[in-house]
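**Student:** predicted model and sequence follow; I will ask about them next.
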Amino acid sequence: MSTPHLLFKDIDEPGLDTLDVYVKRGGYDNLKKALTMPPEAVVEELKASGIRGRGGAGFQMGTKLSFLPKGTMDKYVVCNADESEPGTFKDRELMQKIPHLLIEGILIAGYAAQATKSFIFIRGEYDQQASILEAAVAEAKAAGYIGENILGSGHSQDMWVHRGAGAYICGEETGLLDSLEGRRGNPRLKPPFPANQGLYQGPTLINNVETLSTAPLIIGMGGAEYAKLGAENSTGTKLVSVSGNVKNPGNFEIELGMKSRDIIEGLAGGVPDGRQVKFWFPGGSSSPVLLPEDLDLTYDFDTMAKAGSMLGSGAIIVVDDSNKVVDVALKLAKFYKHESCGKCSPCREGTNWTVKMLQRIDAGVATPMDLDILASVQDQIMGNCLCVLGDAMAMPLSSMVKKFREEFEEHIELARARNPYGDEDAGQAEPPIEIAAA
Amino acid sequence: MPRPDRKTITFSIDGREVEAPEGTMLVDAAKLGDVEIPVFCYEPKLGAPVGACRMCLVEIEGIPKLQAGCATPVKDGMVVHTQTDKVRAAQNSVVEFLLVNHPLDCPVCDKGGECPLQDITFGWGRGRSRVVEPKRHFEKPLALSPLIAIDRERCILCYRCVRFSQEVSEDYQLVLQERGSESFVATFDGHPYVAPFSGNIIELCPVGALTSQPYRFRARPWDIEQSGSVCNLCPGQCNVSYTVRDDRVLRVLARDHHEVDDGWLCDRGRFAYQAMHVDERITAPMVRDGGVLREVTWERALEEAAKALGRAKGAVGAIAGGSTTNEEGFLLQRLVRETLGSPHVDSRASGALPIGLHAALSAPATQATVPDVEFAHAVLVLDTELVDDMPILDLRVRKGVRRNRVKLAVATSRPSSLDANAKAVARFAPGAGEAFVAALEAAIAGSPIGELAAAAGAEEDAVTAVADLLREAGEDVVIVWGERLTHGPRAVQAAQALLKVSSRLNPNPHPGAGLLEVPAGANARGLREVGVLPGIGPGLTEAAPGLDTPGIAAAAANGELPALYFLHTDPLRDLPDRATWQRALDRASTVIAHGAFLTEGLREFATVVFPTEAPAAKEGTLTHTDGRLQRMRQAIGHPGDSRSEWQVLAELSKRLGDDLQLFTAPMVYAQVVDSVPFYAGISLDDIGGVGVRWPAREAASAWPAGESAPVGLEAPAAAASPNGKLRVGTFRSVWAAPEVEASPALKFLAPKQRAELAPSDAARLGIGHGEHVLVGGVPAVAHLRTGTPEGTVFLEEGIEAAPAAAITDPLAEVTKA
């Protein structure tokens, strides 16, 4: 299948992160076009494109936009650039190489939502990208694309780049809003949804970098035209970040509906010679794992959901047979335990308990019966949490225990054999994780 | 904002059809159908739900995922299940998760036996633990403050205490540090959590993580009894419940009353119970013998007192302090007026206003209630610092501003802790309240205010801003005014100006708006209504004119009043003009006092001292400032052969030839009701545990007509111009009270005299923060505060070692000590 380039069109053109080059190749023309349309028409165009959110939840952008109440209250557009899902690094490349596309997208979305203030919440670790964005925003401001009465259209919109302090949970939209307001980044109860009551209690549109960056392209080619790309219910192109045991890891723009095998084995070069795919995460580390036989599934939202997983942020992590499933599970659980905000009980205690159980398994002080508890704790987390962080650990872990139960049991037995006296501290694969908050 | 109108809807829960007000959260609505949904983090008093603990998950038909019952408002036709397998599994799960890190040290935990975590684990848990992993450990217990111990291992991280600190008391001290399973509650800066309302978090905590230091290990729930009463330490009159073990009060808990205290208590009300059982407390009568106070028998004390009063007859001056009950006040004025034939009784620091003004200021038609503060369009806080004068109302004002967007205006002399919440703030010179209110009135009327504002020492723009806010906010405006405004030489004019402002803002008196006084004494309103004012008898009727408090002081100092009677007040500690009082006490041949502690005036001058009953031993009624009659109920016995104070007063009348035929406290109450027409028909049973607002009853029509506001106001006196010296203002801290000094746990909060100065004045005088200074001869520590208006120095009242009442001039020189 062909891989048309929209977002990544000539992405490596030198100087594309500057306004000059961007404008020279037609940048901000789509903003100009949008500003000549009534805001409702822009919303309709985005709706017609059928584009689903590229951040992970996959909610239709146009529909989200139309949820914003009409009226003259302060409205906000917030760009979620806290790309923190393990395995995901596509927004990073977009912001670094073509920041003006994102800015243009935010302006178009802001015009459609009639919002006057916009924020880019970028994770603190993306220092270089934040600097590039700050420079680009300054350039766009100086050129009159951001500010009062943009290009004489009567629409005014301001924009700020805000650096996060390093927390996975700030990628959750309401946690992001709390953090942006200067508070501890904890998720809020929903409803109310941000579209009604978001930043500073005002209606707020929150979208991912990739989603917003696609908006100018949709305006440019027309929503209906964009909808022709991709698969049913999964229109358009998508950036996928392929990582793990592949020969050629990186970001690739694909048309949704492409065969998964073509992405992993074709674009990313497949697993190293002599290795076999053991399992793969189709949409970031929080998606339930899929097996080698699932490689022939097409890569789109619905197929992935039908297979019991999800497309998520489009981050494919490939694990080959040189890895032990328990190691992957423990690594994953430690990450989510570390990143749990602690607000709701199932996530806070569940991730913590899971790590302790996996460490016992690894240390040789567990029995196969503990696997049942491990699995049941995942079930107890799923669906009972305040936000999706708890589920983000429970879903993949649950799938691993289910699909690799025999290997888990074997691991337990081997570890027990190594540690016949049941020493709690023995045999750990690695010392306890200690990640300093960046 | 006016109170929301809620219609009733019907929903179904576990197969029962239940009616509930629309928008009620499911966990509350379920109770109406006798269904209990367990909760930990949900507490409606704390504001919007957070849905953190996940204990309240329920199944709602039509929604695939379980929903948090604490955060789901009920809708008409909703079908809810709390007993399905899915819900039960979720409840089991959450209990199990909460116990993953809980130490289960119930046998040594103070909360054991009254612990929601125990109850919910028992009721909704699986009953068996699958956790074999080590639990998290913290150093414990640590002192979160001298009053509160924190055990972080027991904490289930429900956020209640943090939300209280952040969103109710707004002291912003408590936060959660770290994240995930490593989170723990701490103060932001690591300092102890000392705040006026800190003790509430002990009661909020659903586990034994926050325990009261004074109560720790003193009793288990099966050793104790709860006994409801009303706190008489300040005009807030919060409803409390005393925890009693072996006839001793061991703890004070809030007894939720939305119309009075909203379920909170200040730390003074919560911890000062210790003063009921300290050795310093007077528990037996004393008589001065050979210059020394000695404990004597009741017979001898009563006889000495009766003889002395009999000798003085028509020349007795009596003053009742704020904590006096209606019954005691009523009997005091009967004793002095009827039995002794002396008209000199008072309960106000500065004497009575004309009857008409008292009637108008507390008229039922313009009487705002405490909840009105929460739902008004605008609230003006005038000449009072609520956190000191009536702490619990401070929380109510904050609640109104935070949750109902009430527009707040603050007009005080001293910077207020509510300034940050106010939309408009005005400052005026201490003692210039009258001029300020006159200026405000002119500003509301749209007249020029230049001269008036200058006389008040206020900025013209600030006055106009307050006036604009009040005028434009809406029809429900509540004026919360401090009694202090009507003290001083021109009290009448100040009251008239206030009435005029009130009638301008509320031309058509209606419920939800009006005046709410913050009196100087806990039962000041009750004492006025039962006739403890010179020239004003029970029921606000005319009585023979007599001397007021300053008059009594002056007359006694001149030797014209040989006998003085103080009920729950020490004039040297509580009243202004200390020098005159010292002379008065010195000249009077008889000084009878009821007191709990031998404070200076009693220690040095009293000839007969009767013990004041501990609040928990007292039976009687109080009248809240919004007109609510409340009952103090006896929770503990009197020590030894101690008597009730009403008995002492009745016995003195009897010995002086007036047998009042009183044998029980309710009989005294019956006499009060007979003499106060607007209390007519209110029985003690009617008052019960929640009280009765008499202004809301028919008998309120017996309230005398108020004086209508005069057409023109006299030009108010200008505030003294600083002229090198500084204006002296005073305030009374919530902690300046004998019971605070006497309570071991609270002692550390007892204030020392400090002089609050503007940094610019301090710089001019060469005084640095923390240096010792003399303010008009009174020693104090300089306290530089940026908000203090230039040209003014503030001293604390009620400090025995360095009494601010020694200064009588409006201006004083501040020098380095």
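**Tutor:** Yes, it's here.
**Student:** list the contacts of the closest residue to residue B:813 other than its chain neighbours.
**Tutor:** Excluding the flanking residues, the one nearest residue B:813 by C-beta to C-beta, 6 or more residues apart in numbering or on different chains is residue B:725, at 5.1 Å. C-beta coordinates here come from the backbone N, C-alpha and C atoms, glycine included. Counting by C-beta atoms under 8 Å, 6 or more residues apart in numbering or on different chains, residue B:725 makes contact with B:811, B:812, B:813, B:814.
**Student:** and the third one, how far from residue B:775?
**Tutor:** Yep, that's residue B:813 we're talking about. 8 Å (C-beta to C-beta, to the nearest Å).
**Student:** overlap in contacts, these two.
**Tutor:** With C-beta under 8 Å, 6+ apart, residue B:813 and residue B:775 have common neighbours residue B:726.
**Student:** quick one: which of those two has more around it?
**Tutor:** Ranked by neighbour count (other C-beta atoms under 10 Å in any protein chain shown), residue B:813 and residue B:775 place residue B:775 first, with 27 against 14.
**Student:** which residues are in contact with that one?
**Tutor:** For residue B:775, the residues meeting the contact criterion (C-beta under 8 Å, 6+ apart) are B:726, B:728, B:755, B:793, B:795, B:807, B:812, B:813, B:814.
**Student:** what do you get if the cut-off is 6 Å, keeping everything else the same?
**Tutor:** Contacts for residue B:775 (C-beta atoms under 6 Å, 6 or more residues apart in numbering or on different chains) come out as B:755, B:793, B:795, B:812, B:814.
**Student:** what strands flank the helix or strand where the second one lies, and is each parallel or antiparallel?
**Tutor:** Under the criterion of DSSP states H and E, residue B:793 resides in strand B:792-796. Applying DSSP bridges, strand B:792-796 is found paired with strand B:726-731 (parallel), strand B:754-757 (antiparallel).
**Student:** chain center to the longest one: distance?
**Tutor:** Which is strand B:726-731. 23 Å (C-alpha atoms, centre = their mean, to the nearest Å).
**Student:** what comes into contact with that strand?
**Tutor:** If you take C-beta under 6 Å, 6+ apart as the criterion, strand B:726-731 is touched by B:385, B:413-414, B:429-430, B:791-795, B:797, B:804, B:807, B:812, B:814.
**Student:** name the next helix or strand downstream of it, please.
**Tutor:** Counting by DSSP H and E, what follows strand B:726-731 is helix B:738-742.
**Student:** now what about that following helix, what contacts it?
**Tutor:** B:272, B:275, B:278, B:280, B:597, B:599, B:746, B:750.
**Student:** quick check: mean pLDDT of that helix?
**Tutor:** The pLDDT scores in helix B:738-742 average 94.
**Student:** same check on stretch B:540-553?
**Tutor:** Rounded mean pLDDT across stretch B:540-553 is 96.
**Student:** what comes up buried for that stretch?
**Tutor:** B:540, B:543, B:546, B:547, B:548, B:549, B:550, B:551, B:552, B:553 (16 or more other C-beta atoms under 10 Å in any protein chain shown).
**Student:** next one: stretch B:116-128
**Tutor:** Buried-residue list, stretch B:116-128, by 16+ other C-beta under 10 Å: B:116, B:117, B:118, B:120, B:121, B:124, B:125.
**Student:** beta partners for the spatially closest residue to residue B:77 that is not a sequence neighbour?
**Tutor:** Counting by C-beta to C-beta, 6+ apart, residue B:77 lies nearest to residue B:11, which is 6.6 Å off, once chain neighbours are set aside. With DSSP bridges applied, residue B:11 shows beta-bridge pairing to residue B:18.
**Student:** does residue 211 count as helix, strand or coil?
**Tutor:** All of this is about chain A. Using DSSP: H, G, I helix; E, B strand; the rest coil, the structure places residue A:211 in helix.
**Student:** let me rephrase: I mean chain B.
**Tutor:** Under three-state DSSP, residue B:211 comes out as strand.
**Student:** so who does it touch?
**Tutor:** B:110, B:149.
**Student:** mind doing that once more with 7 Å?
**Tutor:** Counting by C-beta atoms under 7 Å, 6 or more residues apart in numbering or on different chains, residue B:211 makes contact with B:110, B:149, B:202.
**Student:** where does chain B dip in pLDDT?
**Tutor:** Filtered on pLDDT under 70, chain B yields the residue ranges B:1, B:708-715.
**Student:** if we can go back for a sec, which of the contacts of residue B:211 has the most neighbours?
**Tutor:** residue B:202 leads those on contacts (other C-beta under 10 Å) with 24 neighbours.
**Student:** these two touch, right, that one and residue B:150?
**Tutor:** No. Applying C-beta atoms under 7 Å as the test, residue B:202 and residue B:150 come out as separate, 10.1 Å apart.
**Student:** spit out the residues that contact these two alike.
**Tutor:** Among the neighbours of residue B:202, those also in contact with residue B:150 (C-beta under 7 Å, 6+ apart) are residue B:210.
**Student:** residues of chain A that sit close to chain B?
**Tutor:** By the rule C-beta under 7 Å from any C-beta of the partner chain, the part of chain A lying against chain B is A:184, A:189, A:337-338, A:340-346, A:348-353, A:356, A:373, A:380, A:383-386.
**Student:** just the buried residues of these.
**Tutor:** Judged by 16+ other C-beta under 10 Å, buried ones among those: A:184, A:189, A:337-338, A:340-346, A:348-353, A:356, A:373, A:380, A:383-386.
**Student:** break chain A into its domains for me.
**Tutor:** A:19-228, A:239-320, A:325-418 (automatic domain parsing).
**Student:** what distance separates the second one from the centre of its chain?
**Tutor:** Same thing as domain A:239-320. The chain centroid and the centroid of domain A:239-320 are separated by 15 Å, computed with C-alpha atoms, centre = their mean.
**Student:** tally of neighbours for residue A:125?
**Tutor:** Neighbour tally, residue A:125, other C-beta under 10 Å: 17.
**Student:** per-residue pLDDT, it?
**Tutor:** Looking at residue A:125, its pLDDT reads 95.
**Student:** what does the stretch 151-300 of chain B have sitting close to chain A?
**Tutor:** Residues of the stretch 151-300 of chain B lying close to chain A by C-beta under 7 Å from any C-beta are B:157, B:176, B:179, B:180, B:181, B:183.
**Student:** which residue is the nearest non-sequential neighbour of the last one?
**Tutor:** For residue B:183, the nearest residue in space outside its immediate sequence neighbours is residue A:342; the separation is 3.8 Å by C-beta to C-beta, 6+ apart.
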